[in-house]
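J.: below are the sequence and a predicted model; questions follow.
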Amino acid sequence: MSSPTANLPEEDQLFLLLRQLDRAPEASQRATAEALGISLGRLNTYLRAVSAAGLIEISDRAGPDRRQRYAYSLTLRGAAEKTRLADRFLARKFAEYDALHAELTGTSSEMVPLKHRTKLMQSNLAPIPELYVSYDSAQKLKVEAADLVSHDLNPRQICDLELLMNGGFNPLKGFLSEADYDGVVENMRTADGTLWPIPITLDVKEDFAASVEIGQDIALRDQEGVILATMTITDKWKPNKAREAEKVFGADDSAHPAVNYLHNTAGDWYLGGPVTGIQQPVHYDFRARRDTPNELRAYFRKLGWRKVVAFQTRNPLHRAHQELTFRAAKEAQANLLIHPVVGMTKPGDVDHFTRVRCYEAVLDKYPQSTTTMSLLNLAMRMAGPREAVWHGIIRKNHGCTHIIVGRDHAGPGKNSQGE
């Protein structure tokens, strides 16, 4: 008896099917079949096959119309397969165009290479990879991780781990290796050339570094002892912190809060390696306001928001901020995401409990259908221009297409000379 996956359509047809289900997840089967130009019987065969292959999830849909009994949603695997097939589909179409152009004109079309085009064509609303395992796997991993050497994370490391696991730091798959760290510090790029401006490293004390080996798995726990993830150590090194301070923060000056943390709080050794997420950190405050990148993307997708402007803030909003965000959204013809940082900010900043209440009060002044708010559990570094780029990447991962950069974005304040 043949496997259901044997009935998967050809690549082009599979791409068109996944794209149609993503665009119109609640359309009737008849409408979907007509859009694809196939029969209802063929569509049902395809739907069973892609569901069996784990590319879509089918759910019952309540309603009076019997023709719309089901709703379809792409799984993470399905979204990744759709992206892969889109590249191959476009590659074939570009090749056909080039061949036709050459036949008609005798010259090449000189189109931009595919690898530079498709990244721009990918939707900001499609699901992005997370580092969490499934619920069943997480339960097994918790038991196994109980016997591993444990590292208790400090608040900044918990912020970093959460954004690694939920995709906020995509494309990072864990804490930076030594080669990636060197590339980020020197030229804001990982070893493979990916743009990334801020080192995301797991700093540990010397005695802990001496107790672990390359290739070893360790458990990462929060401050209450809950296992959040495991990490496979691929790199262990003692960094040049003065060099890191100069390149990343502009000066090795302990008046800078992140430089002060680097020299006086952070461990002397760094560990690097991929992370396997077991569970997200628990937040007891404003839980309804804390959205993962994929949750925000799904929300934007549901509302049909194609352009979204993010407003980064670590201070209470005032009237000028409101006007600024109105104008930015109008200029970009986009919706607005108020996305304040509630992780670690600059010492002396207003506490996030007070700030969030201020944001909620001001949110009532915005048109409800055009604006939303979500909280970002980010540990800021106050790295100025580098951090502005970093914030842009993080907001892109959360489904935003634009970000407002302030006049002194993530500025550290005055240096030790009072400048």
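T.: Perfect, thanks for sending it. Numbers count the residues shown, from 1 in each chain.
J.: tell me where the chain has strands.
T.: Remark: strands assigned in the chain by DSSP state E are 56-60, 70-74, 149-152, 174-175, 202-204, 217-221, 227-232, 235-237, 269-277, 308-311, 335-338, 371-373, 402-404.
J.: neighbouring strands - and their directions - for the fourth one?
T.: What it means is strand 174-175. Strand 174-175 has the following sheet partners, assigned by DSSP bridges: strand 269-277 (antiparallel).
J.: residue contacts, Ala229?
T.: Residues in contact with Ala229 (Cβ atoms under 8 Å, 6 or more residues apart in numbering) are 131, 161, 165, 219-220, 275-278. To be clear about C-beta, it is placed using only N, CA and C from the backbone, and glycine gets the same treatment.
J.: pLDDT at it, what is it?
T.: Per-residue confidence (pLDDT) for Ala229: 94.
J.: again, but for Glu110
T.: 57.
J.: of the contacts of Ala229, which pair is most distant in space?
T.: Comparing all pairs in those by Cβ to Cβ, the longest separation belongs to Leu131 and Ala219, at 14.9 Å.
J.: okay if I get the strands of the chain as TSV plus distance to Tyr261?
T.: Formatted as TSV, the strands of the chain follow (distance: least, Cβ to Cβ, whole Å):
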stretch	distance to Tyr261
strand 56-60	43
strand 70-74	41
strand 149-152	17
strand 174-175	16
strand 202-204	10
strand 217-221	19
strand 227-232	21
strand 235-237	19
strand 269-277	14
strand 308-311	26
strand 335-338	27
strand 371-373	28
strand 402-404	25
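J.: and for the residue nearest to Glu57 when sequence neighbours are not counted, the neighbour number?
T.: Leaving aside its sequence neighbours, Glu57 sits nearest to Ser73 (Cβ to Cβ, 6 or more residues apart in numbering; 5.1 Å). Other residues near Ser73 come to 17 when the count uses other Cβ atoms under 10 Å.
J.: surely Ser73 meets Ser59?
T.: Yes: counting by Cβ atoms under 8 Å, Ser73 does reach Ser59; the two are 7.3 Å apart.
J.: from Phe300, how far out is the closest residue in space to Lys396 that isn't next to it in sequence?
T.: Closest residue to Lys396 apart from its sequence neighbours, by Cβ to Cβ, 6+ apart: Asn124 at 7.0 Å. Distance, Asn124 to Phe300, using Cβ to Cβ, to the nearest Å: 8 Å.
J.: list the contacts of stretch 141-150.
T.: When contacts are defined by Cβ under 8 Å, 6+ apart, stretch 141-150 is touched by residues 133, 211-212, 216-221, 227, 230, 276, 278.
J.: dump those to JSON lines, plus neighbour count.
T.: JSON lines is the format used below for the contacts of stretch 141-150 (neighbours: other Cβ atoms under 10 Å):
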{"residue": "Val133", "neighbour count": "17"}
{"residue": "Ser211", "neighbour count": "12"}
{"residue": "Val212", "neighbour count": "17"}
{"residue": "Gln216", "neighbour count": "16"}
{"residue": "Asp217", "neighbour count": "16"}
{"residue": "Ile218", "neighbour count": "22"}
{"residue": "Ala219", "neighbour count": "21"}
{"residue": "Leu220", "neighbour count": "26"}
{"residue": "Arg221", "neighbour count": "17"}
{"residue": "Ile227", "neighbour count": "20"}
{"residue": "Thr230", "neighbour count": "22"}
{"residue": "Thr276", "neighbour count": "20"}
{"residue": "Ile278", "neighbour count": "24"}
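J.: out of those, the closest to Asn260 would be?
T.: Using Cβ to Cβ, the contacts of stretch 141-150 come closest to Asn260 at Leu220, 24.5 Å.
J.: beta-bridge partners for the closest one, please?
T.: Residues in beta-bridge contact with Leu220 (DSSP bridges): His151, Ala229.
J.: tell me the contacts of it?
T.: 150-151, 153, 157, 161, 227-231, 275.
J.: ok, Phe286 next?
T.: So Phe286 contacts 342, 356, 375 (Cβ under 8 Å, 6+ apart).
J.: what do you get for His398?
T.: 168, 291, 293, 296-297, 310, 337, 339, 374, 376.
J.: gap between stretch 77-92 and the chain center?
T.: Mean-position distance between stretch 77-92 and its chain equals 20 Å (Cα atoms, centre = their mean, to the nearest Å).
J.: export it to CSV, keeping only CA atoms.
T.: The C-alpha trace of stretch 77-92 is given here as CSV (Å, rounded to 0.1, in the frame of the first residue of the first chain):
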residue,chain,number,x,y,z
ARG,A,77,7.6,22.7,8.0
GLY,A,78,5.0,23.7,5.4
ALA,A,79,6.1,27.3,5.5
ALA,A,80,9.7,26.3,5.0
GLU,A,81,8.8,24.0,2.1
LYS,A,82,6.7,26.8,0.5
THR,A,83,9.8,29.2,0.7
ARG,A,84,12.1,26.5,-0.8
LEU,A,85,9.6,25.7,-3.6
ALA,A,86,9.1,29.5,-4.3
ASP,A,87,12.9,29.8,-4.9
ARG,A,88,12.8,26.8,-7.3
PHE,A,89,9.7,28.0,-9.0
LEU,A,90,11.1,31.5,-9.5
ALA,A,91,14.4,30.0,-10.7
ARG,A,92,12.6,28.1,-13.4
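J.: buried residues, it. List them.
T.: Residues 78-83, 85-87, 89 are the ones in stretch 77-92 that count as buried (16 or more other Cβ atoms under 10 Å).
J.: number of residues surrounding Arg23?
T.: Arg23 has 12 nearby residues by other Cβ under 10 Å.
J.: how far away is it from Val356?
T.: Distance from Arg23 to Val356, by Cβ to Cβ: 35 Å.
J.: so which bits of stretch 365-375 are buried?
T.: By neighbour count on 16+ other Cβ under 10 Å, the buried set for stretch 365-375 is 366, 371-375.
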